[in-house]
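Chemist: fold the following.
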Amino acid sequence: MNATPQVLAVLDGLLASAAPGERGALWHLAEQGRELDANVVHLPPGAGVGEHQEDVLDVLLLVLAGRGSLRTGDGDTLDLTPTAVTWLPRTSRRALEAGPEGLTYLTVHRRRPGLMIKPAVRAPAYEGGEAACMLDLVCQECGRLSADRAPRFCSACGEAFPAR
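Modeler: Below is the predicted model of the structure:
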């Protein structure tokens, strides 16, 4: 593959186009053949991303606009201010909360492999009925499975789940 560098987004325009109450991904890296994932996420004032843990990927978080806080699994709180770069190591617990002016940030991490259905090692005994479909619990933006039975927003990337 002979890839050519290219400008993918101009952040000034992207940030200016976000509606004040808008929540979720404003932009994401979608180029074919990439080995990275990146998202620009906006949280309106007072909104947050609930406590969660990423077991597989380290994430780099760069604050682009606004202010907020990051609560660690140890109970510490880190201030998130424009241009702050934060490393979220894999297996770390964290929660984000936007300040009074909202919070817009860029996340970058290694690309997560797509979801795959693997064959069972041995077929379970038939108990009748169909298995529950969980596709409505998978974030369309980042592919993470929500632990919440009726998710409104993805705890990993902040993307809104479709209304039910």
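
Chemist: for the rest of this, base every contact and every neighbour count on C-alpha atoms.
Modeler: Noted.

Chemist: show me what residue 95 is bridged to.
Modeler: Per DSSP bridges, the residues bridged to residue 95 are residue 71.

Chemist: ok, it - contacts?
Modeler: Residue 95 sits next to 48-52, 70-72 when contact means Cα atoms under 8 Å, 6 or more residues apart in numbering.

Chemist: what residues of stretch 52-61 count as buried?
Modeler: Neighbour-count burial for stretch 52-61 flags 52-54, 57-61 (criterion: 16 or more other Cα atoms under 10 Å).

Chemist: returning to what we had before: can I get the contacts of residue 95 in CSV with distance to residue 98?
Modeler: What follows is the contacts of residue 95, written out as CSV (distance: Cα to Cα, whole Å):
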residue, distance to residue 98
48, 6
49, 9
50, 12
51, 14
52, 16
70, 9
71, 11
72, 15
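
Chemist: buried only: go through these for me.
Modeler: The buried subset of these (16+ other Cα under 10 Å) comprises 48-50, 52, 70-72.

Chemist: contacting residues for residue 86?
Modeler: So residue 86 contacts 60-62 (Cα under 8 Å, 6+ apart).

Chemist: can I get the contacts of residue 95 in TSV with pLDDT?
Modeler: As requested, those are arranged in TSV below (pLDDT from 0 to 100):
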residue	pLDDT
48	93
49	92
50	91
51	91
52	90
70	97
71	96
72	94
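
Chemist: between the residues you listed, which sits nearest residue 35?
Modeler: residue 52 (23.6 Å; Cα to Cα).

Chemist: is it fair to say residue 12 lies in a helix?
Modeler: Yes. Residue 12 sits within a helix when classified using DSSP: H, G, I helix; E, B strand; the rest coil.
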